[in-house]
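Q: sequence-free structure coming up:
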């Protein structure tokens with residue numbers, strides 16, 4: 001390089017340094033603006049987020065990924081135009097097959113997954129005018145478990161049978177509720193043992209629900225519960241039972257999974273018990289499928305939590321879910 005070229009290069013370098021010095025305050029201002037905007041967005045509720053940020057958050061939370069294109073821009077554009085609301089974006093994701101089948105519940109949330117499966121079982125129960133729910137008290141909601149879990153049909157009366165609060169295991173303590181109206185019908189309470197259904201006349205009930213309750217009484221008392229249930233049901237009336245599956249529970253641990261349980265039935269044991277009481281078994285389903293591990297004699301909490309819903313292979317599920325019927329001729 002000639003001396004002239006060296007001088008020119010030094011001059012050009014000086015200009016670049018000077019340019020960099022002049023740009024640095026501008027970059028700093030941009031950074032401050034970005035930080036302020038990030039802080040502002042962080043303080044907004046979901047319903048206040050701008051469209052593009054709202055779509056991203058909905059995807060991140062529900063699908064655990066960023067939205068893809070063109071869905072991202074299309075949905076953000078629809079929000080800007082007013083044809084989609086924040087809630088609409090969430091609803092679209094919640095109703096998608098990806099959300100239902102490709103975003104498994106983690107094993108730490110097995111209890112929540114079981115709760116979701118019981119909701120699916122309950123919405124499949126038949127409509128009924130008079131209902132008895134055995135052990136159906138809710139710890140905080142006076143409407144009772146059946147309504148809270150999503151029973152969809154209107155009824156004339158729902159009678160919740162549960163032990164008085166001071167006789168329950170501390171895990172299930174709640175306040176004493178009185179009669180009241182719900183969005184589907186009138187609810188009242190009978191505080192007594194579920195083996196004592198003397199308050200109900202013969203053939204006066206259309207549907208009986210025993211959700212996570214028959215395992216809390218002895219096998220002998222369970223026979224009484226079923227005999228009484230058959231007595232008060234009208235001919236052709238239904239009884240629904242969901243209860244822990246003893247086969248899968250014994251893979252989890254040797255003892256009962258709940259300190260208040262008296263028995264945890266296998267599918268065969270429960271089937272024999274209800275048929276001995278005079279019921280016909282209409283469907284045998286399971287809630288939260290354990291996957292191939294159950295056939296190998298292994299407890300797989302990730303599979304059980306991830307496979308929520310109602311399954312045909314009942315004997316490999318964490319909960320049994322039976323729909324039985326009092327024969328029309330009885």
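A: Yes, it's here. Just so we're clear, the structure is a prediction, and the values are computed from it rather than from any experiment. Residues are numbered from 1 along each chain as shown.

Q: switch to C-alpha atoms for all contacts and neighbour counts from now on
A: OK.

Q: in the stretch 151-300 of the chain, which segments are predicted with low confidence?
A: 165-174 (pLDDT under 70).

Q: the residue lying closest to residue 329 once chain neighbours are set aside: neighbour count?
A: Sequence neighbours aside, residue 235 is the residue nearest to residue 329 in space, at 6.6 Å (criterion: CA to CA, 6 or more residues apart in numbering). Look at residue 235: counted by other CA atoms under 10 Å, it has 18 neighbours.

Q: with residue 107 instead?
A: 16.

Q: what does residue 289 give?
A: Neighbours of residue 289 (other CA under 10 Å): 27.

Q: give me phi/psi at it?
A: Its backbone dihedrals place residue 289 at phi -70, psi 140, with angles given as degrees, to the nearest 10.

Q: please report the distance of it from residue 193.
A: Applying CA to CA, to the nearest Å, the value for residue 289 to residue 193 is 32 Å.

Q: now do residue 152
A: 27 Å.

Q: quick one: residue 126 is in a helix?
A: No. Applying DSSP: H, G, I helix; E, B strand; the rest coil, one finds residue 126 to be coil, outside a helix.

Q: show me what contacts it?
A: Residues near residue 126 by CA atoms under 8 Å, 6 or more residues apart in numbering: 207, 238.

Q: can you give me the strands in the stretch 51-200 of the chain?
A: For the stretch 51-200 of the chain, the strands defined by DSSP state E, counting those that start in this stretch occupy 130-134, 157-162, 180-181, 186-191.

Q: rounded mean pLDDT for the first one, please.
A: The reference is to strand 130-134. Averaging pLDDT along strand 130-134 yields 98.

Q: now for that strand, which elements pack on it?
A: With contacts defined as 3 or more CA pairs under 8 Å, 6 or more residues apart in numbering; DSSP states H and E, strand 130-134 has these neighbours: strand 157-162, strand 205-211.

Q: parallel or antiparallel, which strands does that strand pair with?
A: Applying DSSP bridges, strand 130-134 is found paired with strand 157-162 (parallel), strand 205-211 (parallel).

Q: immediately after the last one, which helix or strand?
A: Pointing back at strand 205-211 there. Using DSSP states H and E, the helix or strand that follows strand 205-211 in sequence is helix 219-232.

Q: now do that next one against strand 130-134, angle only.
A: Helix 219-232 and strand 130-134 are oriented at 180 degrees to each other (axes from the mean of the first three to the mean of the last three CA atoms, to 10 degrees).

Q: and helix 219-232, what's buried?
A: Going by neighbour count (16 or more other CA atoms under 10 Å), the buried part of helix 219-232 is 219, 221-232.

Q: repeat for stretch 128-136
A: Here stretch 128-136 shows 128, 130, 131, 132, 133, 134, 135, 136 as buried, counting by 16+ other CA under 10 Å.

Q: so who does the last one touch?
A: To tie it back to what came earlier, the one meant is residue 136. Contacts of residue 136 (CA under 8 Å, 6+ apart): 144, 145, 146, 160, 161, 162, 210, 211.

Q: and it, its phi and psi?
A: Dihedral angles for residue 136 - degrees, to the nearest 10 - are phi -90, psi 20.

Q: okay, among the buried residues of stretch 128-136, which ones form the most distant pair?
A: 128 and 135 (18.4 Å; CA to CA).

Q: just give me the neighbour total for the closest residue in space to residue 58 that isn't next to it in sequence.
A: Nearest residue to residue 58, sequence neighbours excluded (CA to CA, 6+ apart): residue 90, at 6.1 Å. Neighbourhood size, residue 90 [other CA under 10 Å]: 17.

Q: just the one 10 residues further on next, same as before
A: Other residues near residue 100 number 16, with proximity taken as other CA under 10 Å.

Q: what distance do you get for the closest residue to it other than its chain neighbours to residue 130?
A: What sits nearest to residue 100 in space, not counting adjacent residues and going by CA to CA, 6+ apart, is residue 94, at 7.5 Å. Residue 94 sits at a distance of 33 Å from residue 130 (criterion: CA to CA).

Q: over to residue 121?
A: For residue 121, the distance to residue 130 - CA to CA - is 19 Å.

Q: quick revisit: determine which two of the buried residues of helix 219-232 are furthest apart.
A: Spatial extent of the buried residues of helix 219-232 (CA to CA) is set by the pair 219 and 232 at 20.1 Å.

Q: contacting residues around the residue nearest to residue 129 when sequence neighbours are not counted?
A: Closest residue to residue 129 apart from its sequence neighbours, by CA to CA, 6+ apart: residue 155 at 4.4 Å. The neighbourhood of residue 155, defined by CA under 8 Å, 6+ apart, consists of 127, 128, 129, 130, 131, 184, 185, 186.
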